[in-house]
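1. Sharing a model prediction with you, sequence too.
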Amino acid sequence: MYSLHEGSGLLLLAVLAGLQIAAEGRGTAPCKPGFSEDVYKVVVPDITEKGQPLFNVRFLDCGRGGLVQFECSNPSDFRIEADGAVYAARSLQRSTLPASALLIKASDSTTQQQWVTQVRLMPSIQSRQQEVAVPSVVSEDLKEIVFPSRNMESQLKRMKRDWVIPPINVPENSRGPFPQELVRIRSDHDKNRSLRYSVTGPGADQPPTGIFIIDPISGELSVNKPLDREHIPSFHLRAHAVDLNGNQVENPIDIVINVIDMNDNRPEFTHQIWNGTVPEGSKPGTFVMTVTSVDKDDPKTANGMLRYKILSQTPESPTSNMFTINNKTGGIITVAAGLDREKVPQYTLIIQATDMEGNPMYGLSNTATAVIRVTDVNDNPPEFTAETFFGEVPENRVNVIVANLTVTDKDQPNTPAWNAVYKITGGDPTGKFSVPTDPTTNEGLVTVVKPIDYEISRTYVLTVEARNEVPLARGIHSPRQSTATVSIRVIDVNESPYFEPNPKLIKLEEGMMPESTLTTFTAQDPDRFMQQSIRYSKLSDPANWLRIDPNTGRITTIAILDRESPYVKNSLYNATFLASDSGVPPASGTGTLQIYLLDINDNAPKVFPQETEICEKPEPNAINITALDGDLNPNAGPFAFELAHRPSDVRRNWTITRISGDYAQVSLKIGFLESGIYEIPIIITDSGNLPMSNTSYLRIKVCQCDINGDCTDQQHIMAAGLGTGAIISILLCIIILLILVLLFVVWMKRRDKERQAKQLLIDPEDDVRDNILKYDEEGGGEEDQDYDLSQLQQPDTIEPDAIKPVGIRRLDERPLHPEPQYPMRSAAPHPGDIGDFINEGLKAADNDPTAPPYDSLLVFDYEGSGSTAGSLSSLNSSSSGGDQDYDYLNDWGPRFRKLADMYGGSDD
């Protein structure tokens, strides 16, 4: 048996239902289905949570399986499963326990047989130690958990019962003092010997360690610190009992410690601001949105059971209770009609969530904001700002906006419920107008899409209807203001005259003489209400054959009409005429006259080709010819070909044979003809009604031929002749080339003269060539023996009479003086006597009184008296001045321009 610790009243007790069936007498009794006990006594805790197991009833089904079903007489408080386990259907307290016994009914769905047992529920204050035969055994003081006995000698005939250790409930956030005793674990063997108790599991010897401790001697289990259900909702420990030698005395028992939730967490909304929409005009009960809140406390207890409510609504129009909220689910719906976006576009609700099932005294609360936007529906039709609109348009104009139709719509702008669509419902049977919508202003643009004729209709009265892109909401009808009238006045303009028909076709025979009347080509003026005159003029006459009377439009010829003219295409000649009225401004129109020229026999045939060649020995050597006639059949072929009688040698040397009506063959009549060019006159006659004959000359080149019958190149060259035009062209080209050469020579001579004249005009002071100082070489050595030591003279030793007067000699010119005579040196000595050669040179230099005290191997020129130039040793290399700018030398005159070009230019 076991004992339960009542403590502060929060310890929940799970009751053991031990069900036994005794087998008495000899033999085996037949199986009788039914409950194991007629009456069950069950002790329940003071507070029972929903879903907590309470007890088991045992039913002997004798192999019926799942055919037996259980029912409870109080299903609102208790729930029984198919295995006989009974659970609390809701949270129960001791005061709410029913006074009468609980009836459990088992029924067989096949045989309809039923069995009933009673369960007496006893509160924990009446708990006491009972015999093993009692189905539910509870300890007397609820402070001990006793290990179940292994041997039950006094009950050998009873079946072994299942021991269920009820969980230990410990409230979270306890303030102590700690350690706080929870329960005492004891074994019946502690009466005979000393035992040691211990617990294992998470919270004891496994992380998190140190939460629960047990006195090894007394077996008192205590909690060492406050518990947090939101962190760990329950602990599963295992209790052990051993003797002093460490031998196991009892089988370990499982101990479950549930952390009882306390209301220590406020509800938290998943969003602080909730956004929802609802169409305007929605009926009451329309769903809007759902707000949710989360409470970390146990949702199975009142600590985590939330309730919602609306604290405030802004604005309170048209009523202060336009919305309501489901207190359990958080769903917001409408409860009143009258949502109008045009009046109130948005509502703001303050939503409160409270735990403890909404108890304002004990529950914790939190708030959030719900913003509900009223969406637009098409409940406002567009209305015209005026009943009648006016406009005017010139005739014959298209794509012209005549009038702007303005409407007002209270719906949300730039939405399908606001965008207007215009339709012409009357006054335009031929579709000359359309009314598109301006996407920016939503105005209707009455536009002309087909030309309008003032002479047909001077005014138009249109009926226009305005609608939205989406239909109106149910129950909304278009008012009279959604239809308007548009009055359009047509302005008469001066229209262009037009020819009828255009083009006009006439047929005439060619060869019509000048001043012949062809036809009258007149135009019509569409302006019937204007008194205007029309004048005609010729606009296009490629062959200049025609003339038109400016007043009557009568067309006459001024030249002979020729069908064979290059301006006639396929016997058709086109001429264009202009008709202009007297309006202001004048208007004009064009018309085309097409003259189809009928052919007459007015062209004599000509031979084709006109030039050909033939071999000296015609074997076979014949020429096929035909005739060209500008006329058409029957004024053309067939043709008659005949050789002229003169000159007489034509018929003697040549013969012509007719092949067909259009072709003939010319061949040599004699066996040999000398090479050359021959012109043969041929008379050709056509087949016209009045036949025409013509003598054409066939130019034949007789040449020597090769084996293939082709003229040789030499003969081609000999027989080749240039025409007069070719010779003139060649001469002109030669003359032009000579003129170009002559002009080039004259230009070169003139350029040289200008260059010389320019040089004479240069100031001597500006002549750079005279201002460049020439220096002698600096070298001298073993290979330069013929040097002049007169260059090594001192300026101070110059005689005054040797110096040029001022104005004749430049100041920077070296002064002139007699050059001293040095002894003649022999040729270069033998390399072995190089030392003697050097000593002789040194001695000659030392004995020369005019020689400067410098090494004779370095020869410098004199730069002039009073030179401000420093020592040459102070000059740096040319690379040191690479970054300097020498362009300023151009400003110093022509003397320094050369230096500027040398140093101031680019790398190129």
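-> Arrived safely.
2. Can you find the helix or strand in the protein with the smallest mean pLDDT?
-> Confidence across the helices and strands of the chain bottoms out at helix 713-719, with a mean of 48, counting by mean pLDDT, DSSP states H and E.
3. Low-confidence ranges, the stretch 751-900 of the chain, go.
-> Low-confidence regions of the stretch 751-900 of the chain, defined by pLDDT under 70, span residues 758-833, 849-885.
4. Kindly provide the whole-number mean pLDDT of stretch 257-269.
-> If you average the pLDDT over stretch 257-269, you get 92.
5. In it, which residues are buried?
-> Ile257, Asn258, Val259, Ile260, Asp261, Met262, Asn263, Asn265, Arg266, Pro267, Phe269 (16 or more other CB atoms under 10 Å). (Each C-beta comes from the backbone N, C-alpha and C, glycine too.)
6. Would you report the backbone torsion angles of the third one?
-> Backbone geometry at Val259, expressed as degrees, to the nearest 10, gives phi -90, psi 120.
7. Spatially nearest residue to it (excluding sequence neighbours)?
-> Arg229 (4.1 Å; CB to CB, 6 or more residues apart in numbering).
8. same question, the fourth one
-> Of all residues beyond its chain neighbours, the one nearest Ile260 is Pro171 (4.4 Å), with distances taken as CB to CB, 6+ apart.
9. The one you found: how many residues sit nearby?
-> Other residues near Pro171 come to 16 when the count uses other CB atoms under 10 Å.
10. Repeat that for Asn890.
-> Asn890 has 14 nearby residues by other CB under 10 Å.
11. what sits against the residue nearest to Val259?
-> By CB atoms under 8 Å, 6 or more residues apart in numbering, the contact set of Arg229 is Glu172, Val259, Ile260, Asp261, Met262, Asp297, Asp298.
12. can you redo these as JSON lines with secondary structure and distance to Glu49?
-> As requested, the contacts of Arg229 are arranged in JSON lines below (DSSP: H, G, I helix; E, B strand; the rest coil; distance: CB to CB, whole Å):
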{"residue": "Glu172", "secondary structure": "coil", "distance to Glu49": "15"}
{"residue": "Val259", "secondary structure": "strand", "distance to Glu49": "13"}
{"residue": "Ile260", "secondary structure": "strand", "distance to Glu49": "9"}
{"residue": "Asp261", "secondary structure": "coil", "distance to Glu49": "10"}
{"residue": "Met262", "secondary structure": "coil", "distance to Glu49": "14"}
{"residue": "Asp297", "secondary structure": "coil", "distance to Glu49": "13"}
{"residue": "Asp298", "secondary structure": "coil", "distance to Glu49": "9"}
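13. Going by distance to Phe529, which of those residues wins?
-> Asp297 (95.9 Å; CB to CB).
14. need the longest helix for the chain.
-> Longest helix in the chain, counting residues (DSSP state H): helix 724-760.
15. going on from that one, what's the next piece of helix or strand?
-> Using DSSP states H and E, the next helix or strand after helix 724-760 towards the C-terminus is helix 834-847.
16. Could I get the CA-only coordinates of that next one as CSV?
-> C-alpha atoms of helix 834-847 as CSV (Å, rounded to 0.1, in the frame of the first residue of the first chain):
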residue,chain,number,x,y,z
ILE,A,834,105.0,57.9,-76.0
GLY,A,835,106.6,59.3,-72.9
ASP,A,836,109.0,61.5,-74.9
PHE,A,837,106.0,62.7,-77.0
ILE,A,838,104.1,63.8,-73.9
ASN,A,839,107.2,65.5,-72.4
GLU,A,840,107.8,67.5,-75.6
GLY,A,841,104.2,68.7,-75.6
LEU,A,842,104.4,69.7,-72.0
LYS,A,843,107.7,71.6,-72.6
ALA,A,844,106.3,73.5,-75.6
ALA,A,845,103.3,74.6,-73.6
ASP,A,846,105.4,75.7,-70.6
ASN,A,847,107.8,77.8,-72.8
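17. Next, the buried residues of that helix.
-> In helix 834-847, counting by 16+ other CB under 10 Å, buried: Phe837, Ala845.
18. quick one: contacts for the residue nearest to Pro609 when sequence neighbours are not counted?
-> Of all residues not flanking Pro609 in the chain, Ile625 sits nearest, at 7.1 Å (CB to CB, 6+ apart). Neighbouring residues of Ile625 by CB under 8 Å, 6+ apart: Val607, Phe608, Pro609, Phe641, Tyr663, Ala664, Gln665, Val666, Ile682, Leu698.
19. So which of these are in strands?
-> Val607, Phe608, Phe641, Tyr663, Ala664, Gln665, Val666, Ile682, Leu698 (DSSP state E).
20. Now the buried members of those.
-> Buried by 16+ other CB under 10 Å: Val607, Phe641, Tyr663, Ala664, Val666, Ile682, Leu698, out of those.
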